[in-house]
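# Mind folding the following:
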Amino acid sequence: FPSHDRMVFNPWDLWQENYHIKVIELRQGELNIRTSKNGETNYNIFYPSEQKSEGAITAHISSFRTVDFRVNYLDFESDHWVRTTLNSMTFSGNFNEDQFEVSAAGEFNLDLIKSGQVEMIKNKPVEVDLALNVNAKNNSVSSPVSKLSIAEIPFSFGGTYTEDSMRFTLQAKALPLTEVVNKLAIAPAQKELQTYRGKGTVDFNLLFASKASSNKTNIVCGFSVHHGFLQEPLKNTRISDISLQGNYSSSGNPKDDKLILKNLKFRTLAGPFSGNLTVSNFLNPRIYGHAMGGLELNALHQLFKNDFIERIQGHAQLNTEFDVQVEKNVRVNKMNGNLRLDGVEFKAQNDHRVFNNIRGNFKLNGNTLGIEAATLAVNQSDLQLDGRMENIYDFFANKGPLKVDCAINSQKIAVEDLGKTSKVDNIVTGK
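Predicted structure coming up:
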């Protein structure tokens, strides 16, 4: 409901049956379009009139305007959420009982698009200039292909809605890779990514479709990256030869949503890398695939910020198959392969320890981690390890003890380096 609304018209025009509405304005309100868990909706509100009209009523809307008006789509059945704020939108057009044309122009904000636990878009500005043809006689709406921009990136939009089906597309071809990376990044990474320069192109094709036989909306999105290159000028971090083919599909149930990255390839100072990745079940995401090649860990950390790692650098070589489920804890279904670390430095958030100069060969086989000639320094302490650790995934999930069968050598071990908190932290907390 709007907290402020305004309508301007001339009473003499109404007396002469000249239905001319000059201004309708909705300000600082909210409209929630809902689908309940049992599939009931609150938006099927128009029904045929039982009274016959003696003649056509023609109206002209000069200006229908929204200011800071929120429109949300809340699907509790499918666990899909779309939240928008119509910052400054103007609608205008002609209306009669059979058909009318509406133009929609202005700015709104995509506050959130979310499926299950996965946020796909958050806090991105949108500029539109669309034309809609509405035919009330056959209950159809069509939009000729028009231009719109999301975070200043241009797209083409168009499609048709009828009683039997809906089909709308959002497309773009040969978008500059740097614009896509910089402007469509999720907020925590955006500050870092805005410094990247490079080249390469991105193709994007999004389809929304449904049929009258089902109240579910099918979404299919294909995207690809070609001849990509990214460089961060301050640290001279480079990622070259970037290419991938991706596909996202949704049938209206987040448990069936799937994101597939095929033929992912790139090169860093650590060498070439290739892999395939699939993410399914967006309520409790399952991530599985295969990865092989070299990784420059600092470059990846700049692209994919997270709340656990404060900083990481060094090189890794890996050849592994993985299958993990992200629920309250991470459940590892499969993790087999080889990993070599060279000159790695790592520091976690809220942890006083810095793990330096990590080197060694590691072999993952189920729930067992084999360690060969591994060395590392932890603040003032140094360690050399050979052997194996068992039950590693249950240990990190706090479900069981870690079984260690390792030969450990050291020139110096400081007790305070063994724990996550420092001496000062322990004094302050009384531990």
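
# Now find how far off-centre the helix or strand containing residue 181 is within its chain.
Element membership of residue 181, judged by DSSP states H and E, is helix 177-183. Distance of helix 177-183 from the chain centroid (CA atoms, centre = their mean, to the nearest Å) equals 14 Å.

# Which strands and helices lie in contact with it?
strand 153-161, helix 187-193, strand 197-211, strand 218-232 (3 or more CB pairs under 8 Å, 6 or more residues apart in numbering; DSSP states H and E). In short, each C-beta sits where N, CA and C put it, glycine included.

# residues making contact with it?
Outside helix 177-183, the residues within contact range by CB atoms under 8 Å, 6 or more residues apart in numbering are 124, 151-153, 190, 193-194, 196-202, 225, 228-230, 242, 303.

# can you check stretch 404-418 too?
Against stretch 404-418 from outside (CB under 8 Å, 6+ apart): 353, 371, 378-390, 422-423.

# These in strands, which ones?
Within these, residues falling in strands by DSSP state E are 371, 378, 381, 382, 383, 384, 385, 386, 387, 388, 389, 390.

# Counting neighbours, which of those end up buried?
371, 378, 381, 382, 383, 384, 385, 388, 389, 390 (16 or more other CB atoms under 10 Å).

# Closest to residue 256 out of those?
residue 390 (35.5 Å; CB to CB).

# wait, residue 310 sits on residue 349?
Yes: using CB atoms under 8 Å, residue 310 is in contact with residue 349, at 4.9 Å.

# ok, which stretches of the chain are helices?
Ranges of helices within the chain are 11-15, 177-183, 187-193, 297-303, 392-396, 423-429, based on DSSP state H.

# residues contacting the residue most central in space within the chain?
The residue lying closest to the centre of the chain (CA atoms, centre = their mean) is residue 120, at 2.3 Å. Going by CB under 8 Å, 6+ apart, residue 120 touches 113, 114.

# Could you list the buried residues of stretch 218-228?
218, 219, 221, 222, 223, 224, 225, 228.

# Can you pick out the most distant pair from the residues you listed?
It's 218 and 228 that sit farthest apart of the buried residues of stretch 218-228, by CB to CB, at 29.4 Å.

# Buried ones among the contacts of helix 177-183?
Judged by 16+ other CB under 10 Å, buried ones among the contacts of helix 177-183: 124, 151, 153, 190, 193, 196, 198, 200-202, 225, 228-230, 242, 303.

# hang on, the earlier thing: TSV please, covering the ones in strands among the contacts of stretch 404-418 and showing pLDDT and distance to residue 285.
What follows is these, written out as TSV (pLDDT from 0 to 100; distance: CB to CB, whole Å):
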residue	pLDDT	distance to residue 285
371	94	29
378	90	32
381	91	36
382	91	38
383	90	34
384	93	37
385	91	32
386	95	35
387	94	33
388	93	29
389	90	26
390	91	27
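
# Dump those residues to CSV, plus distance to residue 27.
As requested, the ones in strands among the contacts of stretch 404-418 are exported to CSV (distance: CB to CB, whole Å):
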residue, distance to residue 27
371, 64
378, 58
381, 63
382, 65
383, 64
384, 68
385, 65
386, 70
387, 68
388, 66
389, 62
390, 63
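
# Return the member of those residues nearest to residue 24.
residue 378 (66.4 Å).

# quick one: which of residue 310 and residue 349 has more around it?
Taking other CB atoms under 10 Å, residue 310 and residue 349 do not tie; residue 310 has more neighbours (14 against 10).

# quick one: that one and residue 339, what's the gap?
21 Å (CB to CB, to the nearest Å).

# And for residue 198?
28 Å.

# Check residue 90 too.
Distance from residue 90 to residue 339, by CB to CB: 57 Å.

# and the nearest residue to residue 316 once chain neighbours are set aside, what is it in contact with?
Spatially, and ignoring its direct neighbours in sequence, residue 316 is nearest to residue 295 (4.5 Å; CB to CB, 6 or more residues apart in numbering). Residues in contact with residue 295, defined by CB under 8 Å, 6+ apart, are 268, 270, 273, 315, 316, 317, 318.

# same deal with residue 200?
Contacts of residue 200 by CB under 8 Å, 6+ apart are 176, 177, 178, 225, 226, 227, 228, 229, 230, 242.

# and if we set it to 7 Å?
177, 225, 226, 227, 228, 229, 242 (CB atoms under 7 Å, 6 or more residues apart in numbering).

# ok, now residue 162?
139, 140.

# Quick check: the gap between it and residue 270.
Taking CB to CB, one finds residue 162 at 53 Å from residue 270.

# Over to residue 228?
From residue 228 to residue 270 the distance is 17 Å (CB to CB).

# Residue 337: neighbouring residues, count only.
Based on other CB under 10 Å, the number of other residues close to residue 337 is 17.

# Not counting residues beside it along the chain, what's closest to it?
residue 320 (2.7 Å).

# That neighbour: how many residues sit nearby?
Residue 320: 17 neighbours (other CB under 10 Å).

# likewise the one 4 residues further on?
Residue 324: 15 surrounding residues under other CB under 10 Å.

# what sits opposite it in the beta ladder?
residue 287, residue 332 (DSSP bridges).

# Who are the contact partners of it?
287, 330, 331, 332, 333.

# For those residues, could you give me JSON lines that also reports distance to residue 344, pLDDT and neighbour count?
Formatted as JSON lines, the contacts of residue 324 follow (distance: CB to CB, whole Å; pLDDT from 0 to 100; neighbours: other CB atoms under 10 Å):
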{"residue": "287", "distance to residue 344": "22", "pLDDT": "90", "neighbour count": "17"}
{"residue": "330", "distance to residue 344": "21", "pLDDT": "69", "neighbour count": "12"}
{"residue": "331", "distance to residue 344": "26", "pLDDT": "77", "neighbour count": "16"}
{"residue": "332", "distance to residue 344": "21", "pLDDT": "80", "neighbour count": "18"}
{"residue": "333", "distance to residue 344": "26", "pLDDT": "84", "neighbour count": "12"}
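
# Was I right to think residue 70 contacts residue 85?
Yes: taking CB atoms under 7 Å as the definition, residue 70 is a contact partner of residue 85 at 5.2 Å.
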